[in-house]
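Peer 1: I'll drop the sequence and a predicted model, then ask my questions.
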Amino acid sequence: MNRKTISILGGGSWGTVLAHLASLNGNKVTLWMRDEEIAKEINQTHINQRYLPSLNLESNLVATPHIEEVSDSDTIIFCIPSDAFREVSSLAANFIQESSYLITATKGVEKDGFSLMSNILEEYYPKNPIGVLSGPNLAEEIANHHLSGTVIASKDKELRRETIEDLSTDYFRVYENDDPYGVEIGGPLNNIKKIACGIADGLNSGENTIGMIMTRGLGEMGRLATDLGANPQTFLGLAGVGDLITTCASPLSRNHQFGKFIGEGLSVDEANLKIGQTIEGLKTLRVVKNISDKNQVEMPIVDSLYKIIYKGDSLDGSIQNVLGQDMIKDVEFVK
């Protein structure tokens, strides 16, 4: 196995665990973050105490607040919240070489329009090979060596091969896919359904309801994906169904936690404050609502959540208000 230079942009729990996986394979790993004090603490203690205190990091993983230090990287993985993704992409463009593989591991869309994170990378790095990493990936479970899997999607075969080599361990399996758009769009759409399932959990609605939201939500995702030109069959893989099953009922998912707090009666602001980290599904909800209305794609769960979260509609303790006026067909996007 070739030892490479790999950089991770973003020092949260997901970025930290990806950096750790890359370091386990003997690569030289740089973990970039804005906070100089956290970077210093990581280099001294080999622990990211703020975001992933349970994980002991390898000595070949070095944290830095200086983004210019990623300049000699073979592969750079972006784990930046969607609302800061463009800013960091622009900042890093001064230092990244055209030969570097660039991978987005962020499940989100840009709030102005429907730009995915890979679209932003293509804008700033038109000559670089670009990939998408997504799947049922709860950082805490991966840190605890629970068997997990993810998908690397790209039109570039070598990027897929190198990423599998860089990140695979005996407990973390990396699969490949040549439909990056389908893999990437699944993540942010799933985040919306995680909020809905969290609300159902907060209302003590039962497992039948969770199963209904997940499957009806998958139908909504398929309709929008088809309208936007993605292959809905991609949603049957790890980045679609896998991610949906793993995180829709998991207390480790921030989107699920947020929804549960709403179901228990907290306001949006109170739920946000209690979690204290980025809720990607909130931002995605607004964007998806706009594009589904514009393209006339029926998404009842999205419509209902939007009214509850952004219009102040009351739940009235009823999950019916989350599911909205659903369609009659069971499976809509398979012809």
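Peer 2: Now that the structure is in, tell me what you want to look at.
Peer 1: correct me if wrong, but I76 is in a strand.
Peer 2: Yes: I76: assigned to a strand according to DSSP: H, G, I helix; E, B strand; the rest coil.
Peer 1: check the secondary structure at the residue lying closest to it once chain neighbours are set aside for me.
Peer 2: Nearest non-adjacent residue to I76, counting by CB to CB, 6 or more residues apart in numbering: S7, 4.7 Å away. Any C-beta I mention is one placed from the backbone N, CA and C, and that applies to glycine too. Using three-state DSSP, the structure places S7 in strand.
Peer 1: now do the contacts for S7.
Peer 2: 29-32, 69-70, 73, 75-77 (CB atoms under 8 Å, 6 or more residues apart in numbering).
Peer 1: beta-bridge partners for it, please?
Peer 2: T30, I76 (DSSP bridges).
Peer 1: give me the distance between it and A63.
Peer 2: To A63, S7 is 11 Å away according to CB to CB, to the nearest Å.
Peer 1: residues that sit against both of the two, list them.
Peer 2: Shared contacts of S7 and A63, counting by CB under 8 Å, 6+ apart, come down to 30-32.
Peer 1: among these, the buried ones, what's the PyMOL command?
Peer 2: In PyMOL syntax, the buried subset of these is picked out as below (16 or more other CB atoms under 10 Å):
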select buried, resi 30+31+32
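Peer 1: same list (the shared contacts of S7 and A63) but as a markdown table, adding distance to K307 and pLDDT.
Peer 2: Compiled in a markdown table, the shared contacts of S7 and A63 are given as follows (distance: CB to CB, whole Å; pLDDT from 0 to 100):
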| residue | distance to K307 | pLDDT |
| --- | --- | --- |
| T30 | 44 | 98 |
| L31 | 40 | 98 |
| W32 | 39 | 98 |
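Peer 1: what is the nearest of the shared contacts of S7 and A63 to D170?
Peer 2: Relative to D170, the closest of these is L31; by CB to CB it sits at 22.3 Å.
Peer 1: contacting residues around the closest one?
Peer 2: 7-8, 11, 15-16, 19, 39, 42, 61-64.
Peer 1: what's the answer for V183, then?
Peer 2: So V183 contacts 132, 134, 151, 153, 177, 234, 237, 239 (CB under 8 Å, 6+ apart).
Peer 1: let's see that with 6 Å instead.
Peer 2: The neighbourhood of V183, defined by CB atoms under 6 Å, 6 or more residues apart in numbering, consists of 132, 134, 151, 153, 177, 234, 239.
Peer 1: what mean pLDDT does the helix or strand encompassing it get?
Peer 2: Take DSSP states H and E as the rule and V183 turns out to sit in helix 180-202. Averaging pLDDT along helix 180-202 gives 91.
Peer 1: next one: the residue nearest to I76 from D74, what distance?
Peer 2: 9 Å.
Peer 1: that older thread, from L273, how far off is the residue nearest to I76?
Peer 2: As judged by CB to CB, S7 and L273 stand 32 Å apart.
Peer 1: on that earlier part again, after the helix holding V183, which helix or strand is next?
Peer 2: Going down the chain from helix 180-202, the next helix or strand is helix 207-228, by DSSP H and E.
Peer 1: show me how far that following helix is from its chain's centre.
Peer 2: Relative to the chain's own centre, helix 207-228 is displaced by 18 Å; criterion: CA atoms, centre = their mean, to the nearest Å.
Peer 1: buried ones in it?
Peer 2: 209-210, 212-214, 216-226.
Peer 1: how much does it deviate in direction from helix 180-202?
Peer 2: 150 degrees (axes from the mean of the first three to the mean of the last three CA atoms, to 10 degrees).
Peer 1: most surrounded residue in the contacts of S7?
Peer 2: L31 (29 neighbours; other CB atoms under 10 Å).
Peer 1: grab the nearest non-local neighbour of the residue most central in space within the chain.
Peer 2: Centroid check for the chain by CA atoms, centre = their mean gives K107 as the closest residue, at 2.7 Å. Leaving aside its sequence neighbours, K107 sits nearest to G187 (CB to CB, 6+ apart; 3.1 Å).
Peer 1: counting neighbours, what do you get for the one you found?
Peer 2: 26.
Peer 1: nearest to A249, of the contacts of S7?
Peer 2: I77 (27.4 Å).
Peer 1: can you pull the poorly scored residue ranges out of the chain?
Peer 2: 1, 316-319, 321-335 (pLDDT under 70).
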